[in-house]
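K.L.:
What would the 3D arrangement of this be:
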Amino acid sequence: MAITSAHPHPDAASIRDWALYGPRDPAIATLVERLAYERQMRLNEVEQLIVDVLTTALNTERKPSS
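P.N.:
Sure, this is the predicted structure:
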């Protein structure tokens, strides 16, 4: 799904690469591993958790930064 905007996003190239190369922050992979092994979660459960949290973030009004 391509998102278009009148103003290009400063991280557009990294966002496009996300699906191919994964997250740039290794802490994300570490957290996924911990959830899988420490809580015996299947990868599809961890991915659904990520989807749920990101969907909630999209549906929540963003507070202006100070």
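
K.L.:
Quick one: low-confidence residue ranges for this structure.
P.N.:
Counting by pLDDT under 70, the chain shows low-confidence ranges at 1-4, 66.

K.L.:
tell me the helices in it, going along the chain?
P.N.:
All helices of the chain, identified by DSSP state H, fall at 12-21, 26-38, 43-59.

K.L.:
Those helices: which one's closest to residue 65?
P.N.:
With respect to residue 65, and counting by C-beta to C-beta, the nearest of the helices of the chain is helix 43-59 at 14.9 Å. For the C-beta atoms, the positions are set from N, CA and C on the backbone; glycine is no exception.

K.L.:
which secondary structure elements does the closest one contact?
P.N.:
helix 26-38 (3 or more C-beta pairs under 8 Å, 6 or more residues apart in numbering; DSSP states H and E).

K.L.:
elements contacting the helix it packs on?
P.N.:
Using 3+ C-beta pairs under 8 Å, 6+ apart as the contact criterion, the secondary-structure elements in contact with helix 26-38 are helix 43-59.

K.L.:
ok so, going back, make JSON lines out of the helices of the chain and add mean neighbour count and distance to residue 6.
P.N.:
Compiled in JSON lines, the helices of the chain are given as follows (neighbours: other C-beta atoms under 10 Å; distance: least, C-beta to C-beta, whole Å):
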{"stretch": "helix 12-21", "mean neighbour count": "10", "distance to residue 6": "13"}
{"stretch": "helix 26-38", "mean neighbour count": "12", "distance to residue 6": "30"}
{"stretch": "helix 43-59", "mean neighbour count": "11", "distance to residue 6": "19"}
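
K.L.:
Can you add distance to residue 5 and give these back as CSV?
P.N.:
As requested, the helices of the chain are arranged in CSV below (distance: least, C-beta to C-beta, whole Å):
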stretch, distance to residue 5
helix 12-21, 9
helix 26-38, 25
helix 43-59, 15
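
K.L.:
Isn't residue 29 up against residue 36?
P.N.:
No - counting by C-beta atoms under 8 Å, no contact exists between residue 29 and residue 36, whose distance comes to 10.6 Å.
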